[in-house]
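**Student:** From the sequence below, what's the structure:
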Amino acid sequence: MIIAIASGKGGTGKTTVAVNLALILARREPVQFLDCDAEEPNAHFFLNPDFQETVPIFLPVPEVDHEKCTACGRCAEICRSNALAVLDKTVLVFQEMCHGCGGCTLLCPEGAIREKDVRVGQVDIDRTGGIEFLRGMLDVGQVVTAHVIRDVQRRLDSGKMVIIDAPPGTSCPMMAAVERADFTLLVTEPTPFGLNDLVLAVETLRVLGVPHGVVINRADIGDKRIHDYCRKENIPILAELPYDPDVAEAYAEGIPIVRTRKDYADTYSRLFERIEFLCASGEKTAGA
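**Tutor:** I've put the predicted structure just below:
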C-alpha cells in the first residue's frame, strides 16, 4: 500500500504524522519512506538515516545548433513550458523553464536540437535501517521540484508499505508526490487558514482521483469549521491529535512521540487501521 501524507499549507504537522505513522508500521512489516518534500526535506531529523548512496538527478534540456537551425519556430510552438522562443531568427532556450519532455528534440525538422543533461538534484538512500529511507533534494537555484520527486518515486518498492511525505501546498510538486498513492492523508489544523487550504487540497485530490481522509492536528485549539466541512463533503476524519506540549518538546529534540508515549502509538495504530479499512472495503471519499 502507498500512503501519501500531504497538507494544503506548511506547518500543520505533516512530517510529524508521516514519521510517526512509518515508525508504527515498521513494527509489523517492511516500510519504505520517501521524503518527497524536495525543497526542504526534514524527515531525516527524526528517522536518523545513515545514507550510503547518493544518486544525482539530471534533466535533459535542449541545446540548439544554430548552424542547422532555420528558426522555423516549430520547437517553440510545441513547448508547453515556454522554454523556447524565436527572436530575430534565433531560437532562445530558457533552461530554468524546461521540464525535459524532449518534444523539441523529437519534432525539430532540421535535427538542430540535441539534449544535454543538467543536474537538478539528488536522491539520498539508506537501506540499512528498519525503514528504507529515500530523500529527494532539489539543488539550490533549481526549480523543477516535480522532476526530482518523480525520480525518487521511480525507486518506489511496491512490495513494501510505502509512506510518502509530500510537499505542502497544492501545486505541481504536491500532485507529483501523491499521484501514485492508494490513499492520501491530509493533515490540517482547525483555523481559517487551515480550512481554506484544506479545501484547495481536497479539490486537487478529487481532480487526481486519489482517495483521501483528514487528520486534524492541534484539534482542541480552534473551531469546528473543519468538522462541518468534512461532514458536508463526506470526507472521513481519521484522527484528531490534541495540542500537547510533550509532542512539541519531543519534536524539538528530534524524537518521534510514538517512541515515548504509548497512547500516541495506539492512536497511530488506529489511524492506519482506519485507512486499511477504507482501502480494503473499496469505499472512496467524496469525489475520489
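**Student:** What separation do you get for K224 and N234?
**Tutor:** Using Cβ to Cβ, to the nearest Å, one gets 17 Å for the distance from K224 to N234. For glycine as for every other residue, the C-beta is placed from the backbone atoms N, C-alpha and C.
**Student:** What's the mean pLDDT across stretch 241-257?
**Tutor:** Regarding stretch 241-257, the rounded mean pLDDT is 93.
**Student:** try stretch 131-147
**Tutor:** 96.
**Student:** ditto for stretch 171-183
**Tutor:** Stretch 171-183 comes out at a mean pLDDT of 96.
**Student:** What's the end-to-end length of that stretch?
**Tutor:** 18 Å (Cα to Cα, to the nearest Å).
**Student:** in that stretch, what counts as buried?
**Tutor:** 173-179, 181, 183 (16 or more other Cβ atoms under 10 Å).
**Student:** With stretch 126-133 instead?
**Tutor:** 126, 131-133.
**Student:** And stretch 267-283, by the same measure?
**Tutor:** Quick answer for stretch 267-283 (16+ other Cβ under 10 Å): 267-268, 271-272, 275, 278.
**Student:** Between which two of the buried residues of stretch 171-183 is the distance greatest?
**Tutor:** Using Cβ to Cβ, the pair of the buried residues of stretch 171-183 lying farthest apart is P173 and F183, separated by 19.2 Å.
**Student:** distance of R127 from E53?
**Tutor:** For R127 relative to E53 (Cβ to Cβ), the value is 8 Å.
**Student:** ignore the last one, F183
**Tutor:** From F183 to E53 the distance is 29 Å (Cβ to Cβ).
**Student:** ditto for V148
**Tutor:** 16 Å.
**Student:** do the same with N196
**Tutor:** 40 Å.
**Student:** Look at those two and report which has more neighbours.
**Tutor:** Between N196 and E53, N196 has the larger neighbour count (other Cβ atoms under 10 Å), namely 14 against 10.
**Student:** Now stretch 256-267: buried residues?
**Tutor:** In stretch 256-267, counting by 16+ other Cβ under 10 Å, buried: 256-258, 264-265, 267.
**Student:** from the buried residues of stretch 171-183, which is closest to R218?
**Tutor:** When those are compared against R218 (criterion: Cβ to Cβ), the nearest one is M174, at 21.4 Å.
**Student:** Q32 versus that closest one, what's the distance?
**Tutor:** For M174 relative to Q32 (Cβ to Cβ), the value is 20 Å.
**Student:** got it, and I216?
**Tutor:** 27 Å.
**Student:** These two: which is more packed in?
**Tutor:** Set I216 next to Q32 and count neighbours by other Cβ under 10 Å: I216 wins out with 25 against 22.
**Student:** residues in contact with that one?
**Tutor:** The contact partners of I216, taken as Cβ atoms under 8 Å, 6 or more residues apart in numbering, are 188-190, 226-227, 237, 239-241.
**Student:** What of R180?
**Tutor:** Counting by Cβ under 8 Å, 6+ apart, R180 has contacts 2, 153, 156.
**Student:** which residues touch the last one?
**Tutor:** With Cβ under 8 Å, 6+ apart as the criterion, the residues that contact L156 are 2, 32, 34, 162, 180.
**Student:** quick one: which two of the residues you listed are the most distant?
**Tutor:** Q32 and R180 (12.6 Å).
**Student:** quick one: the helices in the stretch 51-200 of the chain?
**Tutor:** Here the stretch 51-200 of the chain has its helices, by DSSP state H, counting those that start in this stretch, at 74-78, 103-107, 145-153, 172-178, 192-208.
**Student:** pLDDT (mean, whole number) over the second one?
**Tutor:** Averaged across helix 103-107, pLDDT comes to 94.
**Student:** same check, this time on the first one
**Tutor:** Averaged across helix 74-78, pLDDT comes to 94.
**Student:** How about it, which residues are buried there?
**Tutor:** 74-76.
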